[in-house]
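A.B. asks: My questions concern the predicted model and sequence given below.
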Amino acid sequence: MNETLISPEPPAFREPPKKKNNAIIIGVVVVILLCCCCAVIAGGWFYGDTLMQMITG
């Protein structure tokens, strides 16, 4: 009887941390991608003129 009680419990305890870890990883990746996109947009906004002058010569 103890084995039947113990066997369902570990999967219940193991699944939520995996979901939380995946959510944290996805959140971190999304934040990094947003920061990169914002950095590219901001760089183009502030330095777009100088970059075009450098490219066109």
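C.D. replies: Thanks, I have it. Residues are numbered from 1 along each chain as shown.

A.B. asks: now the helices for this structure?
C.D. replies: Secondary structure of the chain by DSSP state H: the helices cover 2-6, 9-56.

A.B. asks: measure residue 21 to residue 28 for me?
C.D. replies: 11 Å (Cβ to Cβ, to the nearest Å). Quick note: C-beta positions are derived from backbone N, CA and C, even for glycine.

A.B. asks: likewise residue 56?
C.D. replies: For residue 56, the distance to residue 28 equals 38 Å [Cβ to Cβ].

A.B. asks: circling back to that earlier point, lowest mean pLDDT across the helices of the chain, which one is that?
C.D. replies: Among the helices of the chain, helix 2-6 carries the lowest mean pLDDT, a mean of 51.

A.B. asks: that older thread, residue 56 and residue 28 - which one has more neighbours?
C.D. replies: A direct count of neighbours by other Cβ atoms under 10 Å for residue 56 and residue 28 places residue 28 higher, at 10 against 6.

A.B. asks: gap between that one and residue 54?
C.D. replies: 34 Å.

A.B. asks: try residue 36
C.D. replies: From residue 36 to residue 54 the distance is 22 Å (Cβ to Cβ).

A.B. asks: Could you do residue 38 as well?
C.D. replies: Counting by Cβ to Cβ, the gap from residue 38 to residue 54 is 22 Å.

A.B. asks: Please report the distance of residue 32 from residue 38.
C.D. replies: Relative to residue 38, and taking Cβ to Cβ, residue 32 is found at 11 Å.

A.B. asks: Output stretch 39-52 as CSV, nothing but the C-alphas.
C.D. replies: Provided in CSV are the C-alpha atoms of stretch 39-52 (Å, rounded to 0.1, in the frame of the first residue of the first chain):
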residue,chain,number,x,y,z
ALA,A,39,18.7,47.9,-29.1
VAL,A,40,18.7,47.5,-32.9
ILE,A,41,15.7,49.9,-33.2
ALA,A,42,17.3,52.5,-30.9
GLY,A,43,20.6,52.2,-32.6
GLY,A,44,19.0,52.8,-36.0
TRP,A,45,17.0,55.7,-34.5
PHE,A,46,20.0,57.5,-33.0
TYR,A,47,22.8,56.4,-35.4
GLY,A,48,20.9,55.7,-38.6
ASP,A,49,22.2,58.9,-40.3
THR,A,50,25.8,58.2,-39.5
LEU,A,51,25.4,54.6,-40.5
MET,A,52,23.9,55.6,-43.9
